[in-house]
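Asks: When you get a sec, could you give me coordinates for this:
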Amino acid sequence: MGTKSVAIIDDDASANRALGRLLRGAGFEPSGFDSAESFLAAPTRPFFACLLVDIQLTGMSGLELQRKLQAEGSHQPVIFITAHDDPAYRAEAERRGCVGFFRKTDPGALIVDTLRRATATNGKA
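Replies: The predicted model follows:
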C-alpha cells in the first residue's frame, strides 16, 4: 500500500467505482470494499492512510465500523459519505471524531480536499 492509499467502503458498486476514479485522478491509491466485513477481513487494512466510508452499509453500518476500529485502537482518519444525511448519524460520527461527513451529491473536490488534509494530519501524505 502506498502512503496515499484510501479504502473506499461502499456497498453501492457504482458509487465505489466513481469514488475510485475521483481519487485516482487526485493522486490517491483507492481500494474498494463492498462491506465493512470485507474491509475488516482484508490483510491490507492497517496500511490505509484514510477510510472513506458509507454510513448505511449492508451488514455492519459505517458507524459500527468506526466504533469497532476505535475499540481496536485504530487511529486511521474516517470520512463518511451518505445518500441520506441523517442529523443523528452526523452528530454521532462527528462526536466520534470523523474528519469529514459528506452527502454523495456534494462536490468531489470537497472530499478530495478533506482527504488531503486527513492524510497530511495522519503523517502519511
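Asks: center of this protein, which residue is that?
Replies: Nearest to the mean C-alpha position of the chain, by Cα atoms, centre = their mean, lies Leu52 at 1.3 Å.
Asks: For my notes, confirm that one occurs in a strand.
Replies: Yes. Per DSSP: H, G, I helix; E, B strand; the rest coil, Leu52 lies within a strand segment.
Asks: So it is in contact with Thr82, correct?
Replies: No. Leu52 is beyond contact range of Thr82, at 11.4 Å (criterion: Cβ atoms under 8 Å). C-beta here means a position set from N, CA and C on the backbone, and glycine is covered the same way.
Asks: Now do the contacts for the residue nearest to the centre of the chain.
Replies: Val6, Ala7, Ile8, Ile9, Asp10, Leu19, Leu23, Pro30, Ile79, Ile81, Ile111, Leu115 (Cβ atoms under 8 Å, 6 or more residues apart in numbering).
Asks: I'd guessed the third one sits against Leu23; true?
Replies: Yes. Between Ile8 and Leu23 there is a contact at 7.3 Å, judged by Cβ under 8 Å.
Asks: And the two? Which one has more around it.
Replies: Ile8 (27 against 24; other Cβ atoms under 10 Å).
Asks: May I have the phi/psi pair for the more buried one?
Replies: phi -110, psi 120 (degrees, to the nearest 10).
Asks: on that earlier part again, would CSV of the contacts of Leu52 with pLDDT and distance to Glu94 be doable?
Replies: Shown next, in CSV, are these (pLDDT from 0 to 100; distance: Cβ to Cβ, whole Å):
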residue, pLDDT, distance to Glu94
Val6, 96, 20
Ala7, 97, 20
Ile8, 98, 20
Ile9, 98, 18
Asp10, 97, 20
Leu19, 96, 21
Leu23, 96, 23
Pro30, 97, 24
Ile79, 97, 12
Ile81, 95, 14
Ile111, 95, 16
Leu115, 95, 17
